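>>> Below is the structure, and that's it, no one-letter string:
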């Protein structure tokens, strides 16, 4: 009787790590129906809530991050939490069965899992979603079999000895099928991420009000996040300016969100940039200035450098300057079309198949499937 192969995906902390991990897991299960997928994460991360809700098998570790932490927390993590977590993972594998392959998606929980896998001689693949590799992946990359890159620019920041492959980030098929097209009047999209972005919630409505006073006609869909006061303030500003605006706490239907827009103002997390690219959305990116390793700026550059997006420094941004940038793009149909084509051309194609092909070289499920195909 053949053994069920096991894939372990480790890491998380934020949606930027957890959602790509889930996308990879779902894609792997679709290709290899007999594959057992498990997760390792941190008790303090988004995965602690999201994975159990999905019914996933997840081992949660009592881990803290060290980037930006004080000396005491760094010592605590390195001397106590990291060794304890590695020991916990190895004990867990003795009880539950050791995985055939481990994929580290970044975040501090990924460190313990990758270390445990290396000690147990389990093949390790790292998955870097951002254009600037995180500290964990930059440090561990040379010890692992392969690193999958969401952006080609990430390869410029890796040291020698790292075997990498540009795969792109997996984007939901419904978004891939969504293609940009112009609307009349044009619609501005505002997306600050799942938690909203305070600077966007404040500055964009003010900038739009300035444009409305100048006679510009347009509509807005603004995803403002969970801050009720910020949403109400945005609603009031749009209403007083006579702008037809939908202000939402969250958006559960991103394909429809993208399909309705002509220009998007957003933070530049890896998945936001990747989704904008595959559907050809012209963008104005305002990178989070305090993001680790300034990775959002590097992500935005992937589209800005090819002419598909504008990049605004948050520290230099005012309502006046933002209004000028919106005005220069939103009402120029030819420019928007050019930006859309440039953005779409920069999107990595077939990220799903490229990532699974990397896994296939190290996953018994792929080899057994190939064997059955040959025999048939």
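Done, it's in. A quick note: this is a predicted structure, and the numbers were derived from the prediction, not measured. Numbers count the residues shown, from 1 in each chain.

>>> is it true that residue 268 touches residue 287?
Yes - using Cβ atoms under 8 Å, residue 268 is in contact with residue 287, at 4.9 Å. Every residue, glycine included, has its C-beta placed from N, CA and C.

>>> so what sits against both of these two?
296-297, 299-300, 311 (Cβ atoms under 8 Å, 6 or more residues apart in numbering).

>>> which of those has the most neighbours?
Ranked by neighbour count (other Cβ atoms under 10 Å), those have residue 299 at the top, with 30 neighbours.

>>> Which residues are in contact with that one?
Residue 299 neighbours (Cβ under 8 Å, 6+ apart): 130-132, 151, 268-270, 273, 285, 287.

>>> what about residue 268 and residue 287, which has more around it?
Taking other Cβ under 10 Å, residue 268 and residue 287 do not tie; residue 268 has more neighbours (29 against 22).

>>> mind checking the SS state of the more buried one?
coil (DSSP: H, G, I helix; E, B strand; the rest coil).

>>> List phi and psi for it.
phi -120, psi 50 (degrees, to the nearest 10).

>>> And for residue 167?
phi -110, psi -20.

>>> hang on, it packs against residue 148?
Yes - between residue 167 and residue 148 there is a contact under Cβ under 8 Å: 4.6 Å.

>>> Find the residue ranges of the stretch 151-300 of the chain scoring beneath the pLDDT cut-off.
193-196 (pLDDT under 70).

>>> Grab the nearest non-local neighbour of residue 177.
Leaving aside its chain neighbours, residue 177 sits nearest to residue 255 (7.4 Å; criterion: Cβ to Cβ, 6 or more residues apart in numbering).

>>> And the helix or strand hosting the one you found, what's buried?
Element membership for residue 255 (DSSP states H and E) is helix 254-259. For helix 254-259, burial by neighbour count (16 or more other Cβ atoms under 10 Å) applies to 254-255, 257-259.

>>> I'd like to know which of those residues is nearest to residue 109.
Here the nearest of those to residue 109, counting by Cβ to Cβ, is residue 254; it sits at 26.4 Å.

>>> Pop the domain breakdown of the protein in here.
Listed by automatic domain parsing, the domain ranges of the chain are 6-169+349-375, 174-345.

>>> helix/strand/coil for residue 103?
Look at residue 103: counting by three-state DSSP, its state is strand.
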